[in-house]
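Chemist: What shape does this take:
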Amino acid sequence: MEDQWGITLTGDEWYDASYRDGVKVLASTLDAVDCTPYLDRVKKGNGGQLTISGAPPRTSWAWGDYGLTRPHTVTLDLAKFQQGWDEGQRGRLARLIIHEFAHAANTDRFENPPYWQRTNELFQQVGQFSDYGSTPDETFADAVGYYVARCAEGNPYDQVKNQPYYDLVRDEFFAGTEFGGPVGEPQTC
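Modeler: Next up, the predicted model:
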């Protein structure tokens, strides 16, 4: 992953064979978005680099975070990822990865770029995107995460009302590349 995508991996959990499946989800998720400008956008938002820590986050309930446990770093709890793998939650894991990356990409929000202005407009017009997205920044991260992880359980893109979020994410972060069928149609995964 370091050689292929120019990211830095820190933490001991990467080398624990019992977390292999969770690491595989990360690698396959990175591979899925490799044909888009998304990883470059994430790195740009994070000062030109991306560091992913495979170690428990600061909060015991979290499966991952961006910047809360380690500055400028996406932290993923690989023990919880392995648990999610064992429970068949592969869509959730992909969503969490892309969600946390979106926070790194979104650090420019205080400069109020056009995508962030549009996100705030949609938050006012359409409402929060998911149950977790109760603020514009969490709504944005979930809109990006569910965009890639169309097979994640309870995907809000199964609802037509979320088409404007879909269009924003598709156009601004994935250069038109799509990862599933039309909005409003539950995916067959």
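Chemist: Sketch out the strands for this protein, chain order is fine.
Modeler: With DSSP state E as the criterion, the chain has strands at 8-10, 51-54, 64-66, 73-76.
Chemist: Among the ones you listed, single out whichever gets nearest to Val42.
Modeler: Closest of the strands of the chain to Val42 is strand 73-76, at 8.6 Å (criterion: CB to CB). (Each C-beta comes from the backbone N, C-alpha and C, glycine too.)
Chemist: now the closest one: mean pLDDT?
Modeler: Across strand 73-76, the average pLDDT comes to 96.
Chemist: What of stretch 55-65?
Modeler: Average pLDDT, stretch 55-65: 88.
Chemist: which residues touch that stretch?
Modeler: 10-13, 68-69, 74-81, 84, 96-97, 99-100 (CB atoms under 8 Å, 6 or more residues apart in numbering).
Chemist: how many other residues sit next to Cys151?
Modeler: Using other CB atoms under 10 Å as the criterion, Cys151 is surrounded by 18 other residues.
Chemist: likewise Ser28?
Modeler: 13.
Chemist: can you pull the contacts of it?
Modeler: By CB under 8 Å, 6+ apart, the contact list for Ser28 reads Ala94.
Chemist: Filter the contacts of stretch 55-65 down to the buried ones.
Modeler: Listed as buried from the contacts of stretch 55-65 are 11, 13, 69, 74-81, 84, 96-97, 99-100; burial here means 16 or more other CB atoms under 10 Å.
Chemist: List the contacts of the residue lying closest to Gly176 once chain neighbours are set aside.
Modeler: Leaving aside its chain neighbours, Gly176 sits nearest to Arg170 (6.1 Å; criterion: CB to CB, 6 or more residues apart in numbering). By CB under 8 Å, 6+ apart, the contact set of Arg170 is 147, 176-178.
Chemist: what about 7 Å?
Modeler: Arg170 makes contact with 147, 176, 178 under the criterion CB atoms under 7 Å, 6 or more residues apart in numbering.
Chemist: Specify which member of the residues you listed is nearest to Gly48.
Modeler: Taking CB to CB as the measure, Gly48 sits nearest to Tyr147 out of the contacts of Arg170, at 23.7 Å.
Chemist: Could I get the buried residue list for stretch 177-184?
Modeler: 179-180, 183.
Chemist: ok, longest helix in the protein?
Modeler: For the chain, the helix with the greatest residue count under DSSP state H is helix 90-105.
Chemist: how far does that one sit from the chain's center?
Modeler: 2 Å (CA atoms, centre = their mean, to the nearest Å).
Chemist: can you list contacts of it?
Modeler: The contact list for helix 90-105, computed with CB under 7 Å, 6+ apart, reads 22, 25-26, 29, 41-42, 45-46, 50, 63-67, 74, 81, 84-85, 140-142, 144-146, 148-149, 151-153, 189.
Chemist: send the alpha carbons of that helix over as CSV?
Modeler: Output of helix 90-105 as CSV, limited to C-alpha atoms (Å, rounded to 0.1, in the frame of the first residue of the first chain):
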residue,chain,number,x,y,z
ARG,A,90,-17.6,-5.4,4.5
GLY,A,91,-19.7,-2.5,3.1
ARG,A,92,-19.5,-0.8,6.5
LEU,A,93,-15.7,-1.2,6.6
ALA,A,94,-15.3,0.4,3.1
ARG,A,95,-17.7,3.2,4.1
LEU,A,96,-15.7,3.9,7.3
ILE,A,97,-12.4,4.0,5.4
ILE,A,98,-13.7,6.5,2.8
HIS,A,99,-15.6,8.5,5.5
GLU,A,100,-12.4,9.1,7.5
PHE,A,101,-10.5,9.9,4.3
ALA,A,102,-13.2,12.4,3.5
HIS,A,103,-12.5,14.2,6.7
ALA,A,104,-8.8,14.6,5.6
ALA,A,105,-9.9,15.9,2.2
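Chemist: Alright, calling it a day.
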